[in-house]
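S.K.: need the 3D shape of this:
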Amino acid sequence: MNPDCAVSATPSTQALHYRSFTPADIPVARGLSAAFSWPHRAEDWQFAAEQGTGFVAEENGVVIGTALCWKFGADRASLGLVIVSPEHQGRGIGRKLMECVLEALGPRITFLHATPAGRPLYEKLGFSVCDSLDQHQGNVGNTLPVTLPDSERLRSATTADFPALIELATRASGLERNAMVSALLKTGDTVVLERDKEIIGFSILRPFGRGLVIGPMVAMGSPDDLRAKALIAYWLNRREGEFIRIDVPAGASLTDWLAAQGLKCVDTTIRMVRNAPAIEHQGAPDPVYRLYGLVSQAML
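M.R.: Have a look, this model is predicted:
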């Protein structure tokens, strides 16, 4: 990655500079996200920065914009946390930050989740809509019981399970997930769904934003998404009143069930792709295992 993304100097941009994101930028970045009511804590920014790379726009020594990206394997990537201070919008700063990130990613098939405000810019930069997700969150209510078949059970994960969990996450997401999921397994709590001693699902619960987030979450498909519900209910049980979030890709039948637990759908966000036909990235990547909960909208 080019440490400095050059910009031609004009009277309105002479003091404007683009450079690589560093850990020292995290406090200001958190302030930028808070200005848009994004829930990210400093710890959330730190994790995102540790797993990826990015750029900032700096004017007169003050960071006024950010954009981060994450590489998965040899040919996939995602980007997110694209923010420009409200006072500095309309100057092309967001576009320049995006161009810096896309230059760093090159020909990789790149995904993002777009806000309505960001979609026109992303379309101009070659992104097309390929799918969507539902953002569920809220304070947990009375958890409805979920009964699994006799041959299936939930248990806490052990380190011996980690290679299998990474493989499931990779299959279900269509992305190489070794580094990302390895880091999450160290920072969160993990439950495994097992059938006759074969792992057929898992979910991770970790601190994020206003409370906790469930994700990633993967399960073998089942009627009425029963296995996914069991993995979620495991975390909701005895957490009445706690704030929990889960970002669910399109196609799952969880909306009404989650709302009944207190996790209402508060937003539906579009997923976009670049450097590949959108139709090739619609729906679940794997016919057996489904991704029911994202790591995050930025890190997918």
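S.K.: ok, Asp150 to Ala233 distance?
M.R.: Separation of Asp150 from Ala233 (C-beta to C-beta, to the nearest Å) stands at 17 Å. (Each C-beta comes from the backbone N, C-alpha and C, glycine too.)
S.K.: give me the more crowded residue out of these two.
M.R.: Neighbour comparison, Asp150 and Ala233: the larger count goes to Ala233, with 16 against 6 (by other C-beta atoms under 10 Å).
S.K.: tell me what the helix or strand where that one lies is packed against?
M.R.: For Ala233, the host element (DSSP states H and E) is helix 226-236. Counting contacts by 3 or more C-beta pairs under 8 Å, 6 or more residues apart in numbering; DSSP states H and E, helix 226-236 packs against strand 152-156, strand 189-195, strand 198-208, strand 211-220, strand 243-249, strand 289-293.
S.K.: average pLDDT across stretch 194-207?
M.R.: For stretch 194-207, mean pLDDT rounds to 97.
S.K.: with stretch 228-236 instead?
M.R.: In this model, stretch 228-236 has a mean pLDDT of 97.
S.K.: give me the nearest residue to Leu97, chain neighbours excluded.
M.R.: Nearest non-adjacent residue to Leu97, counting by C-beta to C-beta, 6 or more residues apart in numbering: Ala67, 3.8 Å away.
S.K.: direction included, what does the helix or strand that contains that neighbour pair up with?
M.R.: Secondary structure from DSSP H and E places Ala67 in strand 62-72. With DSSP bridges as the test, strand 62-72 is paired with strand 53-59 (antiparallel), strand 76-84 (antiparallel).
S.K.: I'd like the average pLDDT over stretch 250-267.
M.R.: On average, stretch 250-267 scores 95.
S.K.: check stretch 278-288 too.
M.R.: 95.
S.K.: neighbouring contacts of that stretch?
M.R.: Identification of contacts with stretch 278-288 by C-beta atoms under 8 Å, 6 or more residues apart in numbering yields 109, 111, 128-131, 171-174, 220-221, 249-251, 271-273, 290-291.
S.K.: before we move on, back to that, isn't the residue nearest to Leu97 up against Glu99?
M.R.: No. Counting by C-beta atoms under 8 Å, Ala67 does not reach Glu99; the two are 9.3 Å apart.
S.K.: of those two, who's got more company?
M.R.: Ala67 (27 against 17).
S.K.: list the contacts of the more buried one.
M.R.: In this structure, Ala67 makes contact with Gly54, Phe55, Leu79, Leu81, Val82, Ile83, Gly94, Leu97, Met98, Cys100, Val101, judged by C-beta under 8 Å, 6+ apart.
S.K.: top of these by neighbour count?
M.R.: Going by other C-beta under 10 Å, Phe55 tops the contacts of Ala67 with 29 neighbours.
S.K.: how about the helix or strand that contains Met272: buried residues?
M.R.: According to DSSP H and E, Met272 maps onto strand 264-274. Using 16 or more other C-beta atoms under 10 Å as the test for burial, strand 264-274 gives Cys265, Thr269, Ile270, Arg271, Met272, Val273, Arg274.
S.K.: and if you look at stretch 272-286?
M.R.: The neighbour-count criterion (16+ other C-beta under 10 Å) identifies Met272, Val273, Arg274, Asn275, Ala276, His281, Ala284, Asp286 as the buried residues of stretch 272-286.
S.K.: what's the end-to-end length of that stretch?
M.R.: Taking C-alpha to C-alpha, to the nearest Å, the first and last residues of stretch 272-286 lie 19 Å apart.
S.K.: centre of the chain to it, how far?
M.R.: Its chain's average C-alpha position is 16 Å from that of stretch 272-286, according to C-alpha atoms, centre = their mean, to the nearest Å.
S.K.: and the strands in the stretch 1-150 of the chain?
M.R.: Applying DSSP state E, counting those that start in this stretch to the stretch 1-150 of the chain gives strands spanning 16-20, 53-59, 62-72, 76-84, 109-114, 128-139.
S.K.: then the fifth one to CSV, C-alphas only?
M.R.: When you say that, I think you mean strand 109-114. The C-alpha trace of strand 109-114 is given here as CSV (Å, rounded to 0.1, in the frame of the first residue of the first chain):
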residue,chain,number,x,y,z
ILE,A,109,-13.3,-8.8,-5.7
THR,A,110,-14.4,-6.3,-3.1
PHE,A,111,-17.5,-6.0,-1.0
LEU,A,112,-19.1,-3.3,1.1
HIS,A,113,-22.4,-2.5,2.8
ALA,A,114,-23.7,0.9,1.7
